[in-house]
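>>> return atomic coordinates for the entry below.
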Amino acid sequence: MSQNSLQSLNKINIDEKNSSIIFSMLYESLRQILEAIGLMEGYKVYSHEAFTYYLNNKKEYKIANLFDKYRKMRNGVNYYGKTISRKITLKARKEIKILCELLKYKYLNFK
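Residues are numbered from 1 along each chain as shown. Model (predicted):
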């Protein structure tokens, strides 16, 4: 589902009106990959914040920091009505795509 979401989100033109919505969906795609990795290792994670600790335990410090930054931004959108600019969403789209690919190949054996 993560891959399908990312492919669909890459086709959408991001503007100031939809950037926050797309940002939340991009974040969700990354979280889905992390959930799949956790499930394959026997974990069921109920807290998004726990993924940061999980990544740190795997010594994926840079990914953990970026994920946590995006988690906090997404929480701002979903729970507090904050907006994410088009510029930030465009950057996030590139970074999340790279992170998802890296995580899939490294931990889910996608070739």
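
>>> wait, isn't residue 67 in contact with residue 51?
Yes - taking C-beta atoms under 8 Å as the definition, residue 67 is a contact partner of residue 51 at 6.1 Å. C-betas here are computed from N, CA, C, even on glycine.

>>> joint contacts of these two?
Common neighbours of residue 67 and residue 51, using C-beta atoms under 8 Å, 6 or more residues apart in numbering, are residue 34.

>>> do you know how far residue 51 is from residue 65?
Going from residue 51 to residue 65 by C-beta to C-beta, to the nearest Å gives 12 Å.

>>> neighbour-wise, which of the two wins?
residue 51 (23 against 13; other C-beta atoms under 10 Å).

>>> wait, the more buried one sits on residue 33?
No - with contacts counted by C-beta under 8 Å, residue 51 stays clear of residue 33, the gap being 9.9 Å.
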